[in-house]
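# Need a 3D model of the sequence below.
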Amino acid sequence: MLIRQGFVLLLVAAAVAARPSLASASGVAYPDADWTQAWIQSPSSAGDATLHADVLRPKGSTNADKTPVIISIGPYFNHSGQTGPAGPAEGTQYDPVGPNAGPSERFQDFVEGSHLLQQGYTFVMVDLRGFGGSNGCLDWSGPGEQSDVVNAVRWAASQPWSTGRVGMYGKSYDALTGLIGVDKRPQGLDAVVSQEPVYDDYRYLYGDGMRRENSVATPALYDGIAATPGPLADSGDTPNYNVSSLNNPVCLVQNFAAQAGDDNHDSDFWKQRNLIPGATGSNVPLFLTQGLTENNTVADGTQQYLANHTGYERAWLGPWEHVRGNERCASGDSSTGCDSSNVGRLKEGRAGWFDEVMRFYGHYLKGETPSVADPPFAVQTNDGKWRSEAQWPPTDMRQYTTPLKAGSYTDSAQSESTAFNSPSSSPSDPTVTSGLWTVSKPLPYDVHLSGSPTAAINVTTTLPNANLVVDVYDLGADGTGPLVTRQGHLVRSQGDSTVPLTLWGADWKLGAGDRIAVRVTDNNQDWWTFAAPSGQSVTVRGGSITLPFLRYRRTQTIQGDPGVQLADYLSTQTATAPADAVSGAVDFSLPPALASPPKGSVYTGGYTEPVGGRKSK
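Below is the predicted model:
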């Protein structure tokens, strides 16, 4: 979300205790804006706070020039740098001295790329409690931060220069606060753009008990950010900016202990931070992006959140990493897929992000009639092609259940993820073939998986706390192929049990002759890195996998190229099924062969909304 996989914890610990030398200045000048600072009162059951806000108004505007407000609320707007001393690890600037040239540059790309100020909007960046110039204890998505979102939106709607209509914008953490806005529905909130959010905070740290690196790294990182004051020599800040930003060390200790010490998904702490139930009945319009193959804020809960949310929905979904809709590969960019041949390419692959976002805001914040017929859901599949859907998963999705084979595996918690294996890995490599496999016979025709698979695994354990993972693959004729989706679970009690799992959302085409493979094993080391082994042999007495398939073949495409990560993902995140699993292939429950879509239906792949039309589900 918030951190990158492989983040070095020692750097975070050192960052809290030490201040590095001056880096390049934080903040940038916004030539089209008048910048002011404001303070927002945020009472809450978790304690009261005073929130700092940077306000960018169109140049020369007065209170009489009323505008809608686009607001971003998060931990990243500190004037000394968005990730503080952790900047060297996170790739962001850090300037502990200053003075800075203006507010945070975190969304400079949006402010300038969308021309929102020239289009008559105000942009506001609000520090959550405990971050930047805001006081109080940091409270990751808890009652305190939920109150901050509600109070910040209400404040923006009530200002004398505001029309009373507010949108939210963010990516990652400040996309999560956007979902809080959707859930809480404060007066004045009329549109939310949320790129690569987390839907349930627990799932970002754990997989139903199995620990990710994030279970320690995430609270450590945000303690480090919260402990960072603003620039010491910043003439642009009010005197109480740094006074407010000096976080109580007790807050930092409590934050770390609450997250790193609680692996129980059903605890009151984590229930308060699960945003999926709160979306039920919300009509706040939502524009979402979600990388379906990313390894940071994964599509774990995407389908469930969208199912609960009843308001208008728009989204870009596809095989990309933790990136923004407008983000391009730059020279020297070492992120996945950004080699020298891809400089300038859009990381998600689809052009027009800012234009589409501003049409969305224009409709819901200004009442404008869009002049362009956009697809409600723009979806990129594993072949790199884009299509349109009226909603996701599509309404022609049906579920098909297949029994899984019995057997056993050893819980060493060290099974390499079948993702991230080198393409040179041999089929005999146990890190590629380990686990209990159920492999389909070659598919008789093309199928299209769309949605979140589910599984039920019947297990017998002799010790508590056994690790269990279910992986789904698309295998080629050689028995090797990429990971489609997965999920993990810690079997806490010993004896017989049935483990239910909801796998991450996926949208994947499998061709005739491919094989579907399901692996039941102990771990994917790239994800549940801190999982502890129980050392026992886990008996799988059988179970089932339920896969969501579409009825109609999408015959049309829409604008968009393959995301830059896709080729790397397909070549490296692969597994090779054992020869005996392939020779013992079984019939999977499959849908009928894909049918041609009814003419003019939403199933063609080319559907767009009628110009001027916006509908809820």
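# ok, and the closest non-adjacent residue to residue 606?
residue 556 (3.2 Å; C-beta to C-beta, 6 or more residues apart in numbering). (C-beta placed from N, C-alpha, C; glycine too.)
# Within the helices and strands, which one has the one you found?
Following DSSP states H and E, there is no helix or strand that holds residue 556.
# quick one, phi/psi of it?
The phi and psi values for residue 556, taken as degrees, to the nearest 10, are phi -120, psi 160.
# Report the separation between it and residue 313.
21 Å (C-beta to C-beta, to the nearest Å).
# so where do the helices sit in the stretch 401-550 of the chain?
For the stretch 401-550 of the chain, the helices defined by DSSP state H, counting those that start in this stretch cover 430-433.
# which residue packs closest to residue 82, ignoring adjacent ones?
Once flanking residues are discounted, residue 82 sits nearest to residue 76: 3.7 Å by C-beta to C-beta, 6+ apart.
# my guess is that neighbour meets residue 103, correct?
No: under the criterion of C-beta atoms under 8 Å, residue 76 makes no contact with residue 103, lying 11.4 Å away.
# the more surrounded of the two?
With neighbours defined as other C-beta atoms under 10 Å, residue 76 and residue 103 compare such that residue 103 has more, 31 against 26.
# Just give me the neighbour total for the closest residue to residue 557 other than its chain neighbours.
Nearest non-adjacent residue to residue 557, counting by C-beta to C-beta, 6+ apart: residue 385, 5.1 Å away. By the measure other C-beta under 10 Å, the count of residues near residue 385 is 19.
# Equivalent analysis for residue 240, please.
13.
# gap between it and residue 367?
39 Å.
# swap in residue 84?
According to C-beta to C-beta, residue 84 and residue 367 sit 41 Å apart.
# So for these two, which residue has more residues nearby?
Using other C-beta under 10 Å as the criterion, residue 84 and residue 367 rank with residue 84 on top: 29 against 10.
# Just list whatever residues bridge to residue 409.
Note on residue 409: beta-bridge partners residue 538, judged by DSSP bridges.
# And it, how far from residue 529?
Using C-beta to C-beta, we find residue 409 at a distance of 19 Å from residue 529.
# okay, the two: which has more neighbours?
residue 409 (23 against 20).
# Assign a three-state SS to the residue sitting furthest away from the middle of the chain, would you?
What lies farthest from the middle of the chain is residue 64; by C-alpha atoms, centre = their mean that is 38.7 Å. Following DSSP: H, G, I helix; E, B strand; the rest coil, the label given to residue 64 is coil.
# Provide a list of residue ranges in the stretch 401-550 of the chain with pLDDT below threshold.
For the stretch 401-550 of the chain, the stretches flagged by pLDDT under 70 are 416-433.
# Could you pull out the strands in it for me?
Along the stretch 401-550 of the chain, the segments classed as strands by DSSP state E, counting those that start in this stretch run 407-410, 436-439, 447-451, 454-461, 466-475, 480-491, 495-502, 506-510, 515-521, 537-550.
# can I get those strands in JSON lines with distance to residue 344?
Shown next, in JSON lines, are the strands of the stretch 401-550 of the chain (distance: least, C-beta to C-beta, whole Å):
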{"stretch": "strand 407-410", "distance to residue 344": "45"}
{"stretch": "strand 436-439", "distance to residue 344": "41"}
{"stretch": "strand 447-451", "distance to residue 344": "31"}
{"stretch": "strand 454-461", "distance to residue 344": "41"}
{"stretch": "strand 466-475", "distance to residue 344": "30"}
{"stretch": "strand 480-491", "distance to residue 344": "26"}
{"stretch": "strand 495-502", "distance to residue 344": "38"}
{"stretch": "strand 506-510", "distance to residue 344": "26"}
{"stretch": "strand 515-521", "distance to residue 344": "37"}
{"stretch": "strand 537-550", "distance to residue 344": "34"}
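# Tell me which of the ones you listed sits nearest to residue 333.
Of all the strands of the stretch 401-550 of the chain, strand 480-491 sits nearest to residue 333, with 23.5 Å by C-beta to C-beta.
# and the angle for that closest one with strand 506-510?
140 degrees (axes from the mean of the first three to the mean of the last three C-alpha atoms, to 10 degrees).
# pLDDT below threshold where in this structure?
2-28, 234-239, 416-433, 612-617.
# what about the strands in the stretch 101-250 of the chain?
122-127, 162-171, 189-195, 206-207, 210-211.
# Run me through the strand neighbours of the fourth one, direction for each.
Taking DSSP bridges as the criterion, strand 206-207 sits next to strand 210-211 (antiparallel) in its sheet.
# can you tell me how far the residue nearest to residue 557 sits from residue 481?
From residue 385 to residue 481 the distance is 19 Å (C-beta to C-beta).
# Kindly report the same for residue 281.
Distance of residue 281 to residue 481, given as C-beta to C-beta: 41 Å.
# Quick check on the two: which one has the bigger neighbour count.
Per other C-beta under 10 Å, whichever of residue 281 and residue 481 has more neighbours is residue 481, with 23 against 11.
# I'd assumed residue 517 was in contact with that one.
Yes: the pair residue 481 / residue 517 is scored as a contact, 7.5 Å apart, by C-beta under 8 Å.
# Find residues that contact each of those two.
Taking C-beta atoms under 8 Å, 6 or more residues apart in numbering as the contact rule, residue 481 and residue 517 both touch 473-475, 575.
# What is the nearest of the residues you listed to residue 165?
residue 474 (44.9 Å).
# Need the nearest residue in space to the closest one, chain neighbours excluded.
According to C-beta to C-beta, 6+ apart, the nearest residue to residue 474 is residue 481 (4.7 Å).
# Next, the contact list for that neighbour, please.
For residue 481, the contacting residues are 473-475, 514-515, 517, 574-575, by C-beta under 8 Å, 6+ apart.
# try residue 444
Here residue 444 is in contact with 512, 590, 593 (criterion: C-beta under 8 Å, 6+ apart).
# Which of these ranks first by neighbour count?
Counting by other C-beta under 10 Å, top hit in the contacts of residue 444: residue 590 with 17 neighbours.
# could you give the angle of the longest helix seen in the chain to strand 189-195?
Across the chain, the longest stretch assigned as helix under DSSP state H is helix 143-158. Angle, helix 143-158 to strand 189-195, by the same axes, to 10 degrees: 130 degrees.
# would you put the C-alpha positions of helix 143-158 in PDB?
The C-alpha coordinates for helix 143-158 follow below in PDB (Å, rounded to 0.1, in the frame of the first residue of the first chain):
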ATOM      1  CA  PRO A 143     -12.200   5.100  14.400                       C
ATOM      2  CA  GLY A 144      -9.800   8.100  14.500                       C
ATOM      3  CA  GLU A 145      -9.000   8.000  10.800                       C
ATOM      4  CA  GLN A 146     -12.500   7.300   9.900                       C
ATOM      5  CA  SER A 147     -13.500  10.500  11.800                       C
ATOM      6  CA  ASP A 148     -10.700  12.400  10.100                       C
ATOM      7  CA  VAL A 149     -12.200  11.500   6.700                       C
ATOM      8  CA  VAL A 150     -15.700  12.500   7.700                       C
ATOM      9  CA  ASN A 151     -14.700  15.700   9.300                       C
ATOM     10  CA  ALA A 152     -12.300  16.700   6.400                       C
ATOM     11  CA  VAL A 153     -15.000  16.200   3.800                       C
ATOM     12  CA  ARG A 154     -17.600  18.100   5.800                       C
ATOM     13  CA  TRP A 155     -15.100  20.900   6.300                       C
ATOM     14  CA  ALA A 156     -14.400  21.100   2.500                       C
ATOM     15  CA  ALA A 157     -18.100  21.100   1.800                       C
ATOM     16  CA  SER A 158     -18.700  24.000   4.200                       C
END
